[in-house]
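Visitor: Have a look; sequence and predicted model below, questions after that.
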Amino acid sequence: MIRDDISIPFDVQKIREDFPTLLRSVNGKDLVYFDNGATSQKPQVVIDAINDYYTNNNSNIHRGVHFLSQLATSQYEEARKIIQEYINAPLSEEVLFTKGTTDSINLVASSLGELFSEGDEIIISAMEHHSNIVPWQMLCERKGCILKVIPISESGELKMDEFDRLLSNKTKLVSVTHISNTLGTINPIEEIIKKTHAAGGYVMIDGAQSVQHIPVDVQALDCDFFAFSGHKVFGPTGVGILYGKKEILDQMPPYQGGGDMIAKVTFEKTTYNELPHKFEAGTPNISGGICLGTAISYLSEMDLSAIHAHEMELAAYAEEKLLQFEGMRIVGTAQRKTSVVSFVVDGIHPFDVGTLLDKQGIAVRTGHHCTQPLMDFYQIPGTIRASFAFYNTKEEIDVFIKALERSLNMLR
Ligand code: 7TS
C-alpha cells in the first residue's frame with residue numbers, strides 16, 4: 001500500500017464534534033461507524049442547512065417570480081457552482097443534478113446509449129458496482145451492443161495488458177470505477193482515459209468512492225463523464241452529480257421528458273431546453289442539491305491530502321492488527337488503495353461476524369457489496385468491510401479489533 005506523508009497535523013477530535021451521529025450509542029456501546037463506503041455521516045452544517053431550507057426557504061425553482069422561488073433557485077444554482085469548482089468542471093451547465101451515482105450512470109446509458117448501434121462495444125471492469133454493470137447490460141440488450149470486461153489480478157488490480165487487448169475502434173465507451181467500493185483499489189484512470197480517447201471512445205468514471213477521499217479534477221483527467229453520490233460525500237441522500245462534457249451532452253437526447261427540460265411545447269413538436277435543464281426534468285431534490293453544496297463547501301475547507309494521509313494511516317493500522325488473527329485474509333491488496341479494508345476469516349461467515357460486531361456497537365458492512373461478479377472471482381460469498389472516513393480514529397480501530405476477537409472466539 002502506498003502511503004503519502006502521514007505527518008500532517010489533523011485534529012480528528014475537533015472534526016468529530018461536527019458529526020452528531022458519531023456521538024450516539026448503539027446497543028449500549030459508543031457507536032463505531034465503519035460503514036462509510038455505504039454512506040457517510042452528516043456534519044451539523046448540512047443538517048442545519050436542510051432544516052433551514054424547509055423552515056425558511058422552501059419553494060419550487062426555475063419557475064416563480066416570487067421572492068422564495070427566486071431565493072431557492074439562486075441557492076440551487078449556487079450549489080451547482082460550488083460543485084463545479086470542487087471537481088474543476090469548466091462550465092456550471094456541465095454539472096447535472098441527478099438522484100445519485102446509479103441515476104447518473106443510467107442517464108448516460110439511456111441517453112448516450114441511444115447513439116450506439118449493434119456491434120458497438122462497451123468496456124467495464126471486473127470490480128464494478130452493480131450500478132456500473134446492469135445499465136450497460138440493459139443497453140446491450142436494447143441496442144445489440146457488446147459488453148467486455150477488464151479482468152483483475154488476485155491483488156485486485158486491473159490487468160492493463162488485457163485492457164489494451166479489449167480496446168479497439170469498436171469501443172464506444174469505457175466505464176470504470178475510480179476506486180473500488182469493495183477492494184479500495186485506486187484504478188489507473190488517467191491511463192484508461194488517454195488510451196480510450198486515442199482509440200476514439202468515450203470514458204465514464206464512477207467516482208462514488210473517490211471524491212470524498214482524493215482530489216478530483218475532471219479537466220486534468222479529461223474524462224467525458226464523472227458520477228458521484230451526495231450521501232457518500234457528507235451530503236443528503238437522493239441527490240448526486242453527473243459531470244459531462246458540454247459538446248457530448250449537447251449531442252445526447254434527453255433522458256426524461258417533462259417540465260423544466262423544454263424550451264417550447266406544442267402537440268406537434270417540442271424543443272428542448274439548454275444544458276443543464278435538458279437533463280433535469282421535473283421538480284428536483286431542491287433541498288438535496290442545496291445541501292450537497294453545503295457538504296461540498298464543508299469538504300472544500302479541509303485539506304484533502306491530510307484527509308487522505310489520515311485515512312491511509314487508519315487503513316494500514318487496521319490491516320496490521322487484522323493480520324494478527326488466525327485464518328485472516330485481506331481481500332484487495334492493491335499497491336494503490338484507499339481506506340477500505342475488506343476481509344474474510346477461514347470457516348466463518350461474514351454475516352455472523354457483522355451481526356456480532358453490531359451487538360457491540362460497531363457498524364461494518366458484510367456481504368457482496370453490490371459486486372457479485374467480484375465475489376465470484378474470489379470464490380467467496382462476501383466479505384466483512386470496514387470503510388473509514390476522516391472522522392474515524394485509531395482508538396475506534398482498537399475497539400473494533402477487540403470486538404472482532406470476542407466475536408471470532410464465539411464463532412470458533
Ligand atoms: N458505484 C460505486 C463504486 C459505489 O460504491 C456505489 C455505492 C454506487 C456506485 C452506487 O451509489 P448510489 O449512491 O447510487 O447507491 N456503494 C455502496 C456500498 O459500497 N455499500 O453500499 C452502497
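Guide: Received, thanks. Just so it is clear, the model here is predicted, and its values are computed rather than measured.
Visitor: mind listing what Asn285 touches?
Guide: 97, 99, 236, 238-239 (C-beta atoms under 8 Å, 6 or more residues apart in numbering). C-beta coordinates here come from the backbone N, C-alpha and C atoms, glycine included.
Visitor: Output the contacting helices and strands for the longest helix along the chain.
Guide: When the chain is parsed with DSSP state H, its longest helix is helix 67-87. For helix 67-87, the packing partners by 3 or more C-beta pairs under 8 Å, 6 or more residues apart in numbering; DSSP states H and E come out as strand 95-98, strand 240-244, helix 286-300.
Visitor: so which of the ones you listed comes closest to Gly347?
Guide: When the helices and strands packed on helix 67-87 are compared by C-beta to C-beta, strand 240-244 sits nearest Gly347, at 39.3 Å.
Visitor: got the CA coordinates for the helix or strand just after that closest one in PDB?
Guide: Next helix or strand after strand 240-244 toward the C-terminus (DSSP states H and E): helix 246-251. Only the C-alpha atoms of helix 246-251 are listed here, as PDB (Å, rounded to 0.1, in the frame of the first residue of the first chain):
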ATOM      1  CA  LYS A 246     -20.800  20.000 -23.000                       C
ATOM      2  CA  GLU A 247     -20.100  19.000 -26.600                       C
ATOM      3  CA  ILE A 248     -21.100  15.500 -25.800                       C
ATOM      4  CA  LEU A 249     -24.200  16.400 -23.600                       C
ATOM      5  CA  ASP A 250     -25.300  18.700 -26.400                       C
ATOM      6  CA  GLN A 251     -25.400  15.700 -28.800                       C
END
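Visitor: Just the buried positions in helix 246-251, please.
Guide: For helix 246-251, burial by neighbour count (16 or more other C-beta atoms under 10 Å) applies to 248-249.
Visitor: Assess the claim that Leu314 and Phe388 are in contact.
Guide: Yes. Using C-beta atoms under 8 Å, Leu314 makes contact with Phe388 at a distance of 4.7 Å.
Visitor: And these two? Which one has more around it.
Guide: Remark: of Leu314 and Phe388, Phe388 carries more neighbours, 28 against 23, as counted by other C-beta atoms under 10 Å.
Visitor: Mind pulling up the pLDDT for the more buried one?
Guide: With respect to pLDDT, Phe388 has a value of 98.
Visitor: What of Gly347?
Guide: pLDDT at Gly347 comes out at 96.
Visitor: Repeat that for the one 5 residues further on.
Guide: Residue-level confidence at Asp352 comes out at 97, pLDDT.
Visitor: Contact partners for it?
Guide: Asp352 neighbours (C-beta under 8 Å, 6+ apart): 407, 411.
Visitor: If we use 7 Å, what do you get?
Guide: Leu411 (C-beta atoms under 7 Å, 6 or more residues apart in numbering).
Visitor: Now it: which helix or strand?
Guide: helix 350-359.
Visitor: Around the ligand, which positions in the stretch 101-250 of the chain sit nearby?
Guide: For the stretch 101-250 of the chain, the contact set with the ligand under C-beta under 6 Å from any ligand atom comprises 101-102, 129, 131-132, 177, 181, 206, 208-209, 229.
Visitor: Pick out whichever of these sits closest to Phe116.
Guide: The nearest one, if we look at those relative to Phe116 and count by C-beta to C-beta, is Asn132, at 16.5 Å.
Visitor: so the closest one sits right up against Val108, yeah?
Guide: No. Taking contacts as C-beta atoms under 7 Å, Asn132 lies outside contact range of Val108: 10.2 Å.
Visitor: sorry, back to before: give the partner strands of the very next helix or strand once past the helix holding Asp352 in its sheet and their orientations.
Guide: The element immediately downstream of helix 350-359 (helix or strand, assigned by DSSP H and E) is strand 362-363. The strands that strand 362-363 pairs with in its sheet are strand 32-33 (parallel) (by DSSP bridges).
Visitor: What strand or helix carries Ile124?
Guide: Going by DSSP H and E, Ile124 is in strand 121-125.
Visitor: Likewise for Val203?
Guide: Assigned by DSSP H and E, Val203 falls in strand 202-206.
Visitor: Distance from that strand to the middle of the chain?
Guide: 13 Å (C-alpha atoms, centre = their mean, to the nearest Å).
Visitor: sorry, back to before: export the helices and strands packed on helix 67-87 as a markdown table, with columns for mean pLDDT, mean neighbour count and distance to Gly361.
Guide: Below are those laid out as a markdown table (pLDDT from 0 to 100; neighbours: other C-beta atoms under 10 Å; distance: least, C-beta to C-beta, whole Å):
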| stretch | mean pLDDT | mean neighbour count | distance to Gly361 |
| --- | --- | --- | --- |
| strand 95-98 | 98 | 25 | 34 |
| strand 240-244 | 99 | 29 | 30 |
| helix 286-300 | 98 | 24 | 26 |
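Visitor: Tell me which of those lies nearest to Val45.
Guide: helix 286-300 (5.5 Å).
Visitor: Taking helix 67-87 as reference, get the angle to that closest one.
Guide: Helix 286-300 runs at 40 degrees relative to helix 67-87, counting by axes from the mean of the first three to the mean of the last three C-alpha atoms, to 10 degrees.
Visitor: Alpha carbons of the helix or strand following helix 286-300, as CSV, please.
Guide: For helix 286-300, the following helix or strand on the C-terminal side (DSSP H and E) is helix 304-322. Written as CSV, here are the backbone C-alpha positions of helix 304-322 (Å, rounded to 0.1, in the frame of the first residue of the first chain):
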residue,chain,number,x,y,z
LEU,A,304,-7.8,16.6,1.2
SER,A,305,-4.2,15.4,1.3
ALA,A,306,-4.3,15.5,5.1
ILE,A,307,-7.6,13.6,4.9
HIS,A,308,-6.0,11.0,2.6
ALA,A,309,-3.0,10.6,4.8
HIS,A,310,-5.1,10.2,8.0
GLU,A,311,-7.3,7.6,6.3
MET,A,312,-4.4,5.7,4.9
GLU,A,313,-2.9,5.6,8.4
LEU,A,314,-6.1,4.2,9.7
ALA,A,315,-6.3,1.5,6.9
ALA,A,316,-2.7,0.5,7.4
TYR,A,317,-3.2,0.3,11.2
ALA,A,318,-6.4,-1.8,10.8
GLU,A,319,-4.7,-4.2,8.3
GLU,A,320,-1.7,-4.7,10.6
LYS,A,321,-4.0,-5.6,13.5
LEU,A,322,-6.3,-7.8,11.4
